[in-house]
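Colleague: predicted coordinates and the sequence they were generated for:
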Amino acid sequence: MLDVENIKDYKLFNADCFCKMKEIPDSSIDLILCDPPYNLANYSTGNMNFSWRAEINNDVAKWDEKVLEPAELVNEFKRVIKPNGNIFIFTSYNLIGKYHDAFDSEFDTFQFMVWHKTNPIPNIRKSSFLNSCELIVCLWNKGHTWNFTKQNEMHNFIESPICMGSERLKEPKHPTQKPVKILEHIINIASNKGDMVLDMFMGVGSTGVAALNLERRFIGIELDKEYYNASVKRLAGINQPISVEREIQYAY
Ligand SMILES: C[S@@+](CC[C@H](N)C(=O)[O-])C[C@H]1O[C@@H](n2cnc3c(N)ncnc32)[C@H](O)[C@@H]1O
């Protein structure tokens, strides 16, 4: 079992979270903030090519091709989260019903947030809405940590551009790198300094960056070696002591 209490700053694992999570003790995590695959592979029409401009990336990442069933997450999430903990899960429209079916009966509260992306991919053909919103499932039980600020700062709606500029990693590029600003907003509301934040689908470590910026501790798990290595580098760049453990346990 991981000695979570004694992790002073953070630990990162290159592993399959379905295996690695089993090593996390019961009721040891204050906040799960994660961004699992979206099961969008069936909806992709591939990259869009145009004669008059560069192609638009609409391709599906390899990691999204394996179907993730929200129900597969319930037991481990319930087991590791503290009674006063919170859970936030980024997802897409096609899975929100499945998350509701799997999680609503298991927690006192099931809510959702909307992240409005102010710079979504344009719709060149002008044939539909822009895909400018992403959903975030929010779960907790009575007595959960909640740092309510002003009424007008507690809307379940947040706006920000998608991750870009110097924040966006160039090598490797992660197609769904989340902006640290959004993650910090959630971490501020739903945890306190010194708390342990877990992201078991950490990609290039954005949740870890936000957690360390706000003086929380962090456990990150990522299956892909390249993304994992990028997270190691990225978190080492934050002014915190490093204690990284590497473990490969591919399950598929
Ligand atoms: C939506 S992305 C997360 C992106 C992340 N929020 C960021 O800002 O970089 C989902 C990630 O989960 C990883 N993943 C998929 N299945 C996994 C598994 N079983 N265990 C650990 N990581 C997994 C993928 O490789 C991918 O990087």
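Modeller: Good, I have the coordinates.
Colleague: now the protein against the ligand: closest residue?
Modeller: Here the chain gets closest to the ligand at one residue, residue 203, 2.3 Å apart by C-beta to the nearest ligand atom. C-beta coordinates here come from the backbone N, C-alpha and C atoms, glycine included.
Colleague: roughly how far does that residue sit from residue 140?
Modeller: 24 Å (C-beta to C-beta, to the nearest Å).
Colleague: which of those two has more residues huddled nearby?
Modeller: Higher neighbour count among residue 203 and residue 140: residue 203, with 26 against 22, using other C-beta atoms under 10 Å.
Colleague: pLDDT wise, what is that one at?
Modeller: pLDDT recorded at residue 203 is 98.
Colleague: tell me the contacts of it?
Modeller: 35, 174, 176-178, 222, 227, 231 (C-beta atoms under 8 Å, 6 or more residues apart in numbering).
Colleague: mind checking which of those residues land in helices?
Modeller: 227, 231 (DSSP state H).
Colleague: for the contacts of residue 203, please prepare TSV with the additional fields pLDDT.
Modeller: Converted to TSV, the contacts of residue 203 look like this (pLDDT from 0 to 100):
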residue	pLDDT
35	98
174	94
176	94
177	97
178	97
222	98
227	97
231	97
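Colleague: so which of the contacts of residue 203 also contact the ligand?
Modeller: Contacts with the ligand within those, as defined by C-beta under 6 Å from any ligand atom: 35, 174, 176-178, 222, 227.
Colleague: top of the residues you listed by neighbour count?
Modeller: In these, the most neighbours by other C-beta under 10 Å go to residue 222, 29 neighbours.
Colleague: quick one: contacts for it?
Modeller: 12-15, 201-203, 205, 228, 231.
Colleague: how about the residues you listed in JSON lines, adding secondary structure?
Modeller: Output for these, formatted as JSON lines (DSSP: H, G, I helix; E, B strand; the rest coil):
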{"residue": "12", "secondary structure": "strand"}
{"residue": "13", "secondary structure": "strand"}
{"residue": "14", "secondary structure": "strand"}
{"residue": "15", "secondary structure": "coil"}
{"residue": "201", "secondary structure": "coil"}
{"residue": "202", "secondary structure": "coil"}
{"residue": "203", "secondary structure": "coil"}
{"residue": "205", "secondary structure": "coil"}
{"residue": "228", "secondary structure": "helix"}
{"residue": "231", "secondary structure": "helix"}
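Colleague: of these, just the buried ones, PyMOL syntax please.
Modeller: To isolate the buried subset of the contacts of residue 222 in PyMOL, counting by 16 or more other C-beta atoms under 10 Å, use the following:
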select buried, resi 12+13+14+15+201+202+203+205+228+231
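Colleague: hey, where'd the helices end up in the stretch 51-200 of the chain?
Modeller: 71-80, 96-103, 180-190 (DSSP state H, counting those that start in this stretch).
Colleague: any idea how far residue 15 is from residue 112?
Modeller: 29 Å.
Colleague: list, one by one, the residues from the stretch 151-252 of the chain near the ligand.
Modeller: Checking the stretch 151-252 of the chain against the ligand by C-beta under 6 Å from any ligand atom, the hits are 174, 176-178, 200-201, 203-204, 206, 221-224, 227.
Colleague: just those: which are in strands?
Modeller: Among these, the members found in strands (DSSP state E) are 221-222.
Colleague: I'd like the residues of the stretch 151-252 of the chain next to the ligand written out as CSV, with distance to residue 6 added.
Modeller: Shown next, in CSV, are those (distance: C-beta to C-beta, whole Å):
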residue, distance to residue 6
174, 30
176, 32
177, 30
178, 28
200, 20
201, 24
203, 26
204, 26
206, 25
221, 18
222, 22
223, 25
224, 28
227, 26
